[in-house]
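K.L.:
sequence and predicted structure, then a few things I'm wondering about:
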Amino acid sequence: MFCYICKVTNNIMKIVHISGARSWGGNEQQLIDMIPELAKIGVDNVVFGVKKSPLEKECILKGINFIEALGDKLNTFSNYKYLKEIVKLNQPDLIHLHTSDSLTVFTISDLLYNLKVKAVFSKKGMGNSSSVLSKFKYNYKNVAKIICVSEAVKKSFSAIIFPKNISKLEVVYDGINLERTKTVRLENIKELFNISDNKIVVGNIANHVPAKDLPTLIKAINYLVNDIGLKNVHLVQIGEFSNKVTPVIREMITEFKLEEYITIAGFQSNALDFLTQFDIYVMSSQREGLPLTIYEAFLKKVPVVSTKAGGIPEAINHDFNGFLSEIFDYRDLALNLKKISEDENKRIKFVERSYSLFFEKFTAQENAKNISKIYSKESLKGLN
């Protein structure tokens, strides 16, 4: 078992990262992308998270110190006291909270045991709870900064932050660590999923959760194929299945007779490796912070067609480096897919502009530099 409380080495700064994630998604990938870059600029990192989780597995593979939570989830009474022990032995300059339940654990632990260390909280998504408990923890006095993944998240989250705490909100865009973008999977995607050679491959990577609005994507492909009549396309949708969304989209595929135009591939390890084989990357989300897959498509020079969910318009300027549609507008999404598939010059311009933008704003190196500035600034301030 990879479980211990480590005394990290004497370095410029010591950070304990806390995450209650028990599955794998963009938030967890961003944490794994960020930590090596923080280490390069003198930050010692240790992660406190759920045992036997994908996050623990990745930390072990990357040589990142990982402390297993007590029990099978983070938010338990035993972990409130355990966090006090972790803080005492590690003596971090700050705690970085990466999930809502990690914020809960920090707040309760600090109230009960006086941790004597401040925290910063990363806010990734657009969903907000307005319950009394949520408002209390989001406005908790010892949460020094709330790092928003986009301006859209900052604006959305401002609704439940007290006016006196608005200054705590700061936007730092996520970034991709280039070290993990080397290709591991070499399969030909058309051979793997039995797709005809003449088909345009439209790709989507999204877990089957309501925020990704995959039913709108299926409607868009139906409109593209059965109404507009563009038959030489094939959607490859990659993402973890769910009991709520997966049966719905499977039923839609059958109803619209799209079996030969859509592959529901499920979770695929190293899904990023397939991006270069997509002719177009598409997103149909109704709610987003600003997804890493947009940046990954930029890096891999794949043109993007998306809805305007959340912070996506902060990365994509419509008809400059991608096409955007209103959320739920499957017809316009389909028309944009048709336009980009038929305009090679537009595709070339889009990918060149997006590629340049990626290296300007969306690398893990840039992200770590901006995060470390927050760490340095807040660690010099005293507790409230």
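P.N.:
Structure's in. What do you need? Numbering: from 1, shown residues only.
K.L.:
does anything pack onto the host helix or strand of residue 294? Which helices or strands?
P.N.:
Following DSSP states H and E, one finds residue 294 within helix 292-299. Contact partners of helix 292-299 among helices and strands, from 3 or more Cβ pairs under 8 Å, 6 or more residues apart in numbering; DSSP states H and E: helix 26-40, strand 280-283, strand 304-307, helix 344-361. To be clear about C-beta, it is placed using only N, CA and C from the backbone, and glycine gets the same treatment.
K.L.:
pLDDT (mean, whole number) over stretch 227-236?
P.N.:
The pLDDT scores in stretch 227-236 average 97.
K.L.:
first-to-last residue distance for that stretch?
P.N.:
Taking Cα to Cα, to the nearest Å, stretch 227-236 runs 20 Å from one end to the other.
K.L.:
which residues are contacting stretch 296-304?
P.N.:
With Cβ atoms under 8 Å, 6 or more residues apart in numbering as the test, stretch 296-304 has contacts from 176, 178, 181, 203, 272, 275-276, 278-283, 294, 315-316, 321-323, 340, 346-347, 350-352, 354-355, 357-358, 362.
K.L.:
if we can go back for a sec, average pLDDT for the helix holding residue 294?
P.N.:
96.
K.L.:
pull out the buried residues from that helix.
P.N.:
The neighbour-count check on helix 292-299 (16 or more other Cβ atoms under 10 Å) flags 292-299 as buried.
K.L.:
redo the helices and strands packed on helix 292-299 as CSV? Include mean neighbour count.
P.N.:
Shown next, in CSV, are those (neighbours: other Cβ atoms under 10 Å):
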stretch, mean neighbour count
helix 26-40, 21
strand 280-283, 25
strand 304-307, 27
helix 344-361, 16
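K.L.:
would JSON lines of these with mean pLDDT and distance to residue 225 be doable?
P.N.:
JSON lines is the format used below for the helices and strands packed on helix 292-299 (pLDDT from 0 to 100; distance: least, Cβ to Cβ, whole Å):
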{"stretch": "helix 26-40", "mean pLDDT": "95", "distance to residue 225": "29"}
{"stretch": "strand 280-283", "mean pLDDT": "98", "distance to residue 225": "14"}
{"stretch": "strand 304-307", "mean pLDDT": "98", "distance to residue 225": "16"}
{"stretch": "helix 344-361", "mean pLDDT": "97", "distance to residue 225": "20"}
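K.L.:
which of these sits closest to residue 268?
P.N.:
Checking those against residue 268 by Cβ to Cβ gives helix 26-40 as the closest, at 14.0 Å.
K.L.:
off-centre distance for the closest one?
P.N.:
11 Å (Cα atoms, centre = their mean, to the nearest Å).
K.L.:
helix or strand next in line after that helix, which one?
P.N.:
Using DSSP H and E, the first helix or strand after helix 26-40 is strand 43-49.
K.L.:
which residues are in contact with that next one?
P.N.:
For strand 43-49, using Cβ under 8 Å, 6+ apart, the contacting residues are 6, 8-9, 11-21, 31, 35, 38-39, 55-56, 59, 64-69, 74, 83, 86, 90, 92, 368, 372, 375.
K.L.:
average pLDDT across it?
P.N.:
The average pLDDT within strand 43-49 is 97.
K.L.:
that one pairs with which strands?
P.N.:
strand 13-18 (parallel), strand 65-68 (parallel) (DSSP bridges).
K.L.:
before we move on, back to that, now restrict the contacts of strand 43-49 to buried residues only.
P.N.:
If you count burial by 16+ other Cβ under 10 Å, the buried members of the contacts of strand 43-49 come out as 8, 13-21, 31, 35, 38, 55-56, 59, 64-69, 74, 83, 86, 90, 92, 368, 372, 375.
K.L.:
give me the beta-bridge partners of the residue lying closest to residue 157 once chain neighbours are set aside?
P.N.:
Distances taken as Cβ to Cβ, 6 or more residues apart in numbering put residue 123 closest to residue 157, at 5.6 Å, once the chain neighbours are dropped. Listed by DSSP bridges, the beta-bridge partners for residue 123 are residue 148.
K.L.:
tally of neighbours for residue 123?
P.N.:
For residue 123, the neighbour count with other Cβ atoms under 10 Å is 24.
K.L.:
what do you get for residue 244?
P.N.:
Counted with other Cβ under 10 Å, residue 244 comes out at 10.
K.L.:
in stretch 263-274, which residues are buried?
P.N.:
263-265, 268, 271-274.
K.L.:
all helices for this structure, in order.
P.N.:
Applying DSSP state H to the chain gives helices spanning 26-40, 54-62, 77-90, 100-113, 132-138, 151-157, 189-192, 214-222, 246-255, 292-299, 330-342, 344-361, 364-379.
K.L.:
let me have these in a markdown table, extended by distance to residue 207.
P.N.:
A markdown table is the format used below for the helices of the chain (distance: least, Cβ to Cβ, whole Å):
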| stretch | distance to residue 207 |
| --- | --- |
| helix 26-40 | 9 |
| helix 54-62 | 12 |
| helix 77-90 | 26 |
| helix 100-113 | 17 |
| helix 132-138 | 23 |
| helix 151-157 | 19 |
| helix 189-192 | 19 |
| helix 214-222 | 9 |
| helix 246-255 | 10 |
| helix 292-299 | 11 |
| helix 330-342 | 19 |
| helix 344-361 | 23 |
| helix 364-379 | 22 |
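K.L.:
nothing else from me, thank you.
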